[in-house]
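> sequence and predicted structure are below.
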Amino acid sequence: MDSSENISEKKAEVILKITSLLMTSGANTNRILLIINKFAELMNTDAQVFINHKALIISLFDTETGFKTTQVKRLPNHIVNFDIISALSRAGLKAQKESWNFDKIKEEINRIEKFKHYPRIITLVAVSFAGAGFCNLFGGDYVNMAATFIATFIGLFVRQEAVKRAYNPYLSTSTGAFFAAFFASAAMTFMPGTNPEMALATSVLFLIPGVPLVNSFTDMIDGYIITGFVRFINGLLFVIAIALSLFIVMYIFGIQKL
Amino acid sequence: MNIEISIIEKIIWSGIAATGFAILFNVPKRLLISVFSIGAIAGFIKFTLLLNETGIIFSTLLAASFVGFSSIPIARYKHTSPFVVSIPSIIPMIPGYFGYKTLLGIMKLAMSKNTTLEGEILMSVLHNGLNMTFVLASISIGVSLPWLLFREKGLKKIKLTDNENLI
C-alpha cells in the first residue's frame, strides 16, 4: 500500500519537473499542456495542472494504483532556453512511439535538465550583430551600426554579470539598458554617422522581452487569460525598466528627440 | 542608393537579427539555418509591404502568418516544436521601439511644466501604445494562425479521458 503511494508521488514529481522546465524556458501554456499530456498518458495517469508564473499546482490520478496526489512547486527565475523545449517535445514524440516506461522517462528528463547554453562569447557577438541588424532596419548607416554593436556588446555583458550575481531581474535589465544607452549616446558625439538617434534607439532593443510578450497574447487567444495577463505585465515591467534607464541617459546627455 | 539594394541589405540584416536572438534563446544548432531563412523572408515580406504603403500592423500580420505556416513543415522535418523555429524568427518584429517610446512619453508627461505641449505628448503616447498592442496582437495571431485554423488534431491530443477536457 505504502509503496504504490510512493510511486504515484514520484510520478507527480517528474511531471512537475517537466512543467517547471517548460515554463521557465519560455513555452506557451498550450504547448506545455500538450507535452505534459503525452508524458502523463505514458505513465498511466491523469494529470490536472494549474500553471502560473511563479508556482505550479498538479493533481495526479494514478489509474494503475488508484491513488490521487496533489503537489505544488515554486518556480525559479525564468531564463529562455529553447533547446530544452525542443528536446522535451522530441522526447515526448519518441517516448510515445517506443512506449517508454517510468524509469526511462525519468532518466531522459534528468539528462535534458543539464543542457547548457552557447558559450558566452558566441552569445555576445551574435546578439551584438543582431543589434547592428536592428540599426540597419531602422535606417542607420554602417557607422551607426558599429556604435550599436559596441553598445549592445557592453550592455549584454553587464546584464549577464548582474544575472550571474542573482540580482533582481528587472534591476539587471535596467542596468544593462543604462550601460548600452550610455555608450550609444557617447558614440553619438564621437561617430555621428547619418542617423545618430537610431543608434541610441536600437542599442537597447536586445533587452525587450519578446518571448513573454508574444506568449502573453498567444495564451490569451487560447483562453488562458490569467496566465496571459501575468506574462504581459511581466513583459511590461521589463519595458518600464528599459525606458527608465533610457530616460536617465537622455537627461544626462541632454538629448531631446528620439 | 536604389531601392533594390537597400531591400536586399535589409533582408540579410533581418535574417542576422533573427539568428542572433536564436543564439540568445539557445535554439539548437541544427535549426539556426532555418531560423535565418525564415527571418529573412519574413523581413522581405514586411519591408516590401511597408514600401507599398500597407500599414505596419497589417504587414506584420502577413509576415507573421508566413512565419507561422512555414514553421510547421520545418518543425516536422527537423523533429521539434514549430514554436522553437517561429518565435526567434519573429523577434525582429517585436515593437520594442513603440514600447519604450510610449513609456518615455508618459515620463515626459509626468515631468512637463509646459501645458500647451501636453496634448501633443498625450496623443503620441496613445499612438505609440496602441501601435505596440496591435502589432503584438498581430504577431501572436499570425504565429498561431495554423494552430487556430487546423485545431482538430490539437483538440484530440488535449482530450485525455473521454468525458473530460484538461482545464
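Cool, got the structure.
> quick check, A:Ala181 in contact with A:Ala201.
No. A:Ala181 is not in contact with A:Ala201 according to C-beta atoms under 8 Å; the separation is 9.4 Å. The way it works is simple: take the backbone N, C-alpha and C, and place the C-beta from them, glycine included.
> output the below-cut-off pLDDT ranges for chain B.
B:1, B:151-167 (pLDDT under 70).
> excluding sequence neighbours, find me the nearest residue to the residue of the stretch 51-200 of chain A found nearest chain B.
Nearest residue of the stretch 51-200 of chain A to chain B, counting by C-beta to the nearest C-beta: A:Ala130, 2.6 Å away. Closest residue to A:Ala130 apart from its sequence neighbours, by C-beta to C-beta, 6 or more residues apart in numbering or on different chains: B:Gly20 at 2.6 Å.
> what sits against that neighbour?
The neighbours of B:Gly20, taking C-beta atoms under 8 Å, 6 or more residues apart in numbering or on different chains as the test, are A:Ala126, A:Val127, A:Ser128, A:Phe129, A:Ala130, A:Gly131, A:Gly133, A:Phe206.
> please apply the same query to A:Ser128.
So A:Ser128 contacts A:Phe149, A:Ile150, A:Thr152, A:Phe153, A:Leu156, B:Gly20 (C-beta under 8 Å, 6+ apart).
> now do the SS call for whichever residue of chain B sits closest to chain A.
Nearest residue of chain B to chain A: B:Gly20, at 2.6 Å (C-beta to the nearest C-beta). Classification of B:Gly20 using DSSP: H, G, I helix; E, B strand; the rest coil returns helix.
> ok, longest helix in the chain?
You didn't say which chain, so I picked chain A. The single longest helix within chain A, with elements called by DSSP state H, is helix A:225-253.
> the intended chain is chain B.
Max-length helix for chain B by DSSP H is helix B:115-149.
> the spatially closest residue to B:Leu51 that is not a sequence neighbour - how many residues pack around it?
With C-beta to C-beta, 6+ apart as the criterion, B:Leu51 has its nearest non-adjacent residue at 7.1 Å, and that residue is B:Ile3. Neighbours of B:Ile3 under the rule other C-beta atoms under 10 Å in any protein chain shown: 10.
> ok, stretch A:73-89 near chain B or not?
Yes. Stretch A:73-89 lies within reach of chain B by C-beta under 8 Å from any C-beta of the partner chain, at A:Val80, A:Asn81, A:Phe82, A:Asp83, A:Ile84, A:Ile85, A:Ser86, A:Ala87, A:Ser89.
> just confirm the fourth one contacts B:Pro28, I think it does.
Yes. Under the criterion of C-beta under 8 Å, A:Asp83 makes contact with B:Pro28 at 5.3 Å.
> give me the more crowded residue out of those two.
The residue with more neighbours, out of A:Asp83 and B:Pro28, is A:Asp83; 21 against 16, by other C-beta under 10 Å.
> who's in contact with the spatially most central residue of chain A?
By C-alpha atoms, centre = their mean, the mean C-alpha position of chain A lies nearest to A:Val80, the distance being 2.7 Å. Residues in contact with A:Val80 (C-beta under 8 Å, 6+ apart) are A:Ser25, A:Gly26, A:Val211, B:Leu24, B:Phe25, B:Asn26.
> what mean pLDDT does the helix or strand encompassing A:Ile221 have?
Assessed by DSSP states H and E, A:Ile221 sits inside helix A:210-222. Across helix A:210-222, pLDDT averages out at 90.
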